[in-house]
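Colleague: Starting from these lines, generate the structure:
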Amino acid sequence: MKTANPSWAERPTLIGRFGKGTVLTGIVVCVLFPLYMVVLTSLSTQEAVTRAGGLVLIPGELSLAAYEQLFAGGVVTRAVLVSLGVTTVGTLISLTVTVLAAYGLSRPGSLLHRPLLFLVLLTFLFGPGMIPKYLVVSGLGLVDSYWSLILPVAVTAFNLVVMRAFFMNIPKEVTDSARIDGAGEFTILARIVLPMSKGVTAVIGLLYAVGYWNSFFDAVLYLNDSSKWPLQLVLRQYVYQGQSLFAGQSADTALAGHAMPPNLAIQMSIVVIALLPVLFVYPFVQRHFTKGVIIGAVKG
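Modeller: Numbering: from 1, shown residues only. Now for the predicted structure:
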């Protein structure tokens, strides 16, 4: 007698497939519609913004004046370079430390394996707090330095645990055969473990990069010099708090051939510039998420 399949193993009905498609389409529209208005407003003229009474919904006359004015002013250009530099250097440091620590903690016989792992897991429950963290950064002389945006957040316990779990699932026979051939631990890590862990490494690298790129609160705490502000802090100052990038400028100082772009278009163009790097990088790494993070977290 043939037993019935469980409900989750049955073929979805036509109504079920239609319902899933409808829900997913609605979610995509809810995500893309605000992005569409932001991009369109950043490309709109003063007349289009005034006619719409805010964010532009229907395309009218388009202009790149807001982007040209932003990069001509120097504030956003400098902030973009700061964010790119902090993100690149921070991601490299974080990945290096996380890979080395995760590999060491994945070896049961490594030095101080259990106490160090306990300290890492303890950070899931207890955070340092804002004031102790600031006192440590100040005591190390990192205030008003770019290192204050990198070193305090160089390692995330979640990323370390996920990568350790992935390393522990690599077959022990592979590393043991390399040791028999005379390979040391660094050789095994560089030539065997890392090539087998490209997926999880790419995902962890993306998580670190997005964290550095989107971070602004550490810059608020530690950077007193506005010329060192990253892009996200500029975004907060001139979009969230409504300050103007071009206070004191008039239409006479605008770019040749363009009227002074509306302040709302300038604010939305900063938002677009802040979103672009993540939007470009994420599609290339997204395919590794299931294989990298989920498998490592579940099996570990």
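
Colleague: Low-confidence stretches in the stretch 201-300 of the chain?
Modeller: In the predicted model, the stretch 201-300 of the chain carries pLDDT under 70 at residues 239-261, 287-300.

Colleague: now swap in the stretch 1-150 of the chain and tell me
Modeller: 1-9, 73.

Colleague: all helices of it, in order?
Modeller: 14-42, 46-52, 65-73, 75-106, 113-122, 130-139 (DSSP state H, counting those that start in this stretch).

Colleague: Quick one, which of those helices gets closest to Thr201.
Modeller: Counting by CB to CB, Thr201 lies closest to helix 75-106 out of the helices of the stretch 1-150 of the chain; the figure is 7.0 Å. The way it works is simple: take the backbone N, C-alpha and C, and place the C-beta from them, glycine included.

Colleague: The closest one: how far from the chain's middle?
Modeller: The chain centroid and the centroid of helix 75-106 are separated by 11 Å under CA atoms, centre = their mean, to the nearest Å.

Colleague: picking that back up, could I get the helices of the stretch 1-150 of the chain as a markdown table with mean neighbour count?
Modeller: As requested, the helices of the stretch 1-150 of the chain are arranged in a markdown table below (neighbours: other CB atoms under 10 Å):
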| stretch | mean neighbour count |
| --- | --- |
| helix 14-42 | 12 |
| helix 46-52 | 16 |
| helix 65-73 | 19 |
| helix 75-106 | 19 |
| helix 113-122 | 13 |
| helix 130-139 | 13 |
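
Colleague: what residue lies at the spatial centre of the protein?
Modeller: For the chain, Val210 is the residue whose C-alpha lies nearest the centre (CA atoms, centre = their mean; 0.9 Å).

Colleague: Distance of that residue relative to Gly26?
Modeller: Counting by CB to CB, to the nearest Å, the gap from Val210 to Gly26 is 25 Å.

Colleague: same question, Phe126
Modeller: As judged by CB to CB, Phe126 and Gly26 stand 40 Å apart.

Colleague: And Val278, by the same measure?
Modeller: Val278 sits 23 Å away from Gly26 when distances are taken as CB to CB.

Colleague: And for Thr45?
Modeller: Taking CB to CB, one finds Thr45 at 32 Å from Gly26.

Colleague: do Gly199 as well
Modeller: The gap separating Gly199 from Gly26 is 31 Å, by CB to CB.

Colleague: do the same with Phe166
Modeller: 35 Å.

Colleague: could the helices of the stretch 1-150 of the chain go into a markdown table alongside distance to Asp176?
Modeller: Converted to a markdown table, the helices of the stretch 1-150 of the chain look like this (distance: least, CB to CB, whole Å):
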| stretch | distance to Asp176 |
| --- | --- |
| helix 14-42 | 46 |
| helix 46-52 | 66 |
| helix 65-73 | 56 |
| helix 75-106 | 14 |
| helix 113-122 | 18 |
| helix 130-139 | 41 |
